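A.B. asks: I would like to see how this sequence folds:
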Amino acid sequence: MVQFITLLLLLLFVWAFIKGFAIEQFLIGTFVINLAIDLVQFEEISSLVAALRAAYFYFFFAYFYLKYGIRKIDVPIIILFLYALVGVLQSSDLAHSFRFMLRVFVPLFLLSMATRDNNPVKLLSRLRIYLPWFLVVVVLYTLASNYFSFGVETYGASIFLTGYLYGADLHLFSFIIIITMTTRAVVEDKVIKIKVREIAFSVLTLVVLMFSLRRTSLAIVIVGIVFLNITSFKNFGKKFLPLVVLLLLVGIAVVKNPVFQQRMQARANKFSVESLEDEARYLEIDVIRNEVLSFRKPMDSFFGKELFNSMGNYGDGKFKGRMIHVDYFTWLHGGGVLGLLLYLLFLFSIPVLLKVPFFTSNTSTVHLRLFWFLWFIQFIISVSGQMYIISFRSFIFIYLALTARAFHQEKSMLHEGSVR
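C.D. replies: Numbering: from 1, shown residues only. This next block holds a predicted model:
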């Protein structure tokens, strides 16, 4: 079975290489590649797949940079990458740090690649058509996981499995639900309305998220739907209210389900573990304050130590095999004050370099609202430490670039229409 899956993945990589030499095909292939890899994290092939994924992405990054050159948006990314590379070279476990660095920067370089697409409106429409099929895949995959009993147990209970989709991997499907339920595709000036099957699989995926008990994934769906739908009183009654009713009905049905009750009980038995984890997150603040912000060792405070290799290397080793979880603390401890500033400079430069206004005369534009939702939500998600998860982070940064450029493209088209 594992050999068969390995062969399929190799064929998928070959297909992606053949199709990926155009920016649009490469970006679409990115979603396919990431989903396929997330579904088959078997221990026997995980290292091979990770190496193939890194080779695939960085080959195309090099290819597109050679083809299109460097642009303004690339400057903060490249500066941060070079700074991180210098830090990683000082790591006591170079291979580990380098591997994690490559994972962190894939989504960031994908932002750069997405700015090079010439027709972002068209690409977003294609993604709007394709991505709901990912929900079909995750629902069928979850059913297979529970029927054949494969995957990773959560909270010590195997009564509900999501295969090899770990907590943060599920965030991807939260974003796809939002895209499916709040945006529309436009093909040849014709708006394609949401289909019944898309609603059905969005609801089923939401059920999967509820049974998984992943609070952050559920919160993303709720906040996203609220943010993108409440644009006016008329819109509230036409779009938002029906969605709220639907979500409430689904929520009530799931909460009353006996399997869900068992899941909740299993999680209740793990509260002591969660309390320890929450305490460890809290203790990170003291570690950062004492080891970095005290400036007792100025070089470590300014430039950091053991970047992307925090396990056993912070808090005098008392956290043992636990890595620093908060993304900002990872940069601050591993990259120092300068590293965190460069990382934040990159994030805050995105709306500036892409020239995205916060307010506009047409505040109801979906692309503008989606941009700001994704930009803000990634700051919040980073508190739980998710920058090593490639799939959903790639979604965020690709969509940041595409929605920003789509906003300007539509604005330009409206201006040309008014001139005529």
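A.B. asks: and the helices in the stretch 51-200 of the chain?
C.D. replies: 74-88, 94-114, 120-130, 132-148, 171-182, 196-212 (DSSP state H, counting those that start in this stretch).
A.B. asks: so where's the stretch 201-350 of the chain uncertain?
C.D. replies: 231-240, 266-281 (pLDDT under 70).
A.B. asks: can you pull out the helices in it?
C.D. replies: 215-229, 233-235, 241-255, 258-268, 271-288, 298-303, 327-353.
A.B. asks: okay, these in TSV with mean neighbour count and distance to Leu368 next?
C.D. replies: For every residue, glycine as well, the C-beta is placed using N, CA and C. Below are the helices of the stretch 201-350 of the chain laid out as TSV (neighbours: other C-beta atoms under 10 Å; distance: least, C-beta to C-beta, whole Å):
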stretch	mean neighbour count	distance to Leu368
helix 215-229	19	10
helix 233-235	10	15
helix 241-255	13	20
helix 258-268	14	37
helix 271-288	13	34
helix 298-303	14	38
helix 327-353	20	11
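A.B. asks: any chance of a markdown table for the helices of the stretch 51-200 of the chain, columns distance to Ile377?
C.D. replies: Below are the helices of the stretch 51-200 of the chain laid out as a markdown table (distance: least, C-beta to C-beta, whole Å):
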| stretch | distance to Ile377 |
| --- | --- |
| helix 74-88 | 20 |
| helix 94-114 | 14 |
| helix 120-130 | 18 |
| helix 132-148 | 19 |
| helix 171-182 | 9 |
| helix 196-212 | 16 |
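A.B. asks: single out the most deeply packed of those.
C.D. replies: Comparing those by mean neighbour count (mean count of other C-beta atoms under 10 Å), helix 171-182 comes out on top with a mean of 24.
A.B. asks: for it, packing partners?
C.D. replies: If you count contacts as 3 or more C-beta pairs under 8 Å, 6 or more residues apart in numbering; DSSP states H and E, helix 171-182 packs onto helix 23-39, helix 120-130, helix 132-148, helix 196-212, helix 215-229, helix 366-381, helix 390-419.
A.B. asks: rebuild those as TSV, extending it with distance to Tyr164.
C.D. replies: Shown next, in TSV, are those (distance: least, C-beta to C-beta, whole Å):
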stretch	distance to Tyr164
helix 23-39	7
helix 120-130	22
helix 132-148	8
helix 196-212	13
helix 215-229	16
helix 366-381	20
helix 390-419	12
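A.B. asks: nearest to Tyr343, out of the ones you listed?
C.D. replies: helix 366-381 (11.4 Å; C-beta to C-beta).
A.B. asks: quick one: mean pLDDT over that closest one.
C.D. replies: Across helix 366-381, the average pLDDT comes to 94.
A.B. asks: please point out which parts of that helix sit buried.
C.D. replies: By 16 or more other C-beta atoms under 10 Å, the buried positions in helix 366-381 come out as 366-375, 377-378, 381.
A.B. asks: angle of that helix against helix 390-419?
C.D. replies: Relative orientation of helix 366-381 versus helix 390-419 (axes from the mean of the first three to the mean of the last three C-alpha atoms, to 10 degrees): 150 degrees.
A.B. asks: name the helices or strands packed onto helix 366-381?
C.D. replies: Helix 366-381 packs on helix 171-182, helix 215-229, helix 327-353, helix 390-419, going by 3+ C-beta pairs under 8 Å, 6+ apart.
A.B. asks: what's the spacing between the closest residue to Val203 other than its chain neighbours and Ser212?
C.D. replies: Once flanking residues are discounted, Val203 sits nearest to Val250: 5.7 Å by C-beta to C-beta, 6 or more residues apart in numbering. Counting by C-beta to C-beta, to the nearest Å, the separation of Val250 from Ser212 is 14 Å.
A.B. asks: again with Arg71
C.D. replies: 39 Å.
A.B. asks: coming back round to it: of the helices of the stretch 51-200 of the chain, which is nearest Gly321?
C.D. replies: Nearest to Gly321, of all the helices of the stretch 51-200 of the chain, is helix 94-114, at 12.2 Å by C-beta to C-beta.
A.B. asks: for the closest one, packing partners?
C.D. replies: helix 23-39, helix 46-68, helix 74-88, helix 390-419.
A.B. asks: got these as JSON lines, with distance to Pro120 and mean pLDDT columns?
C.D. replies: Converted to JSON lines, these look like this (distance: least, C-beta to C-beta, whole Å; pLDDT from 0 to 100):
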{"stretch": "helix 23-39", "distance to Pro120": "10", "mean pLDDT": "93"}
{"stretch": "helix 46-68", "distance to Pro120": "15", "mean pLDDT": "91"}
{"stretch": "helix 74-88", "distance to Pro120": "18", "mean pLDDT": "97"}
{"stretch": "helix 390-419", "distance to Pro120": "4", "mean pLDDT": "86"}
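A.B. asks: for Thr162, find the nearest of those helices.
C.D. replies: Proximity to Thr162, assessed across the helices and strands packed on helix 94-114 by C-beta to C-beta, is greatest for helix 23-39 (10.1 Å).
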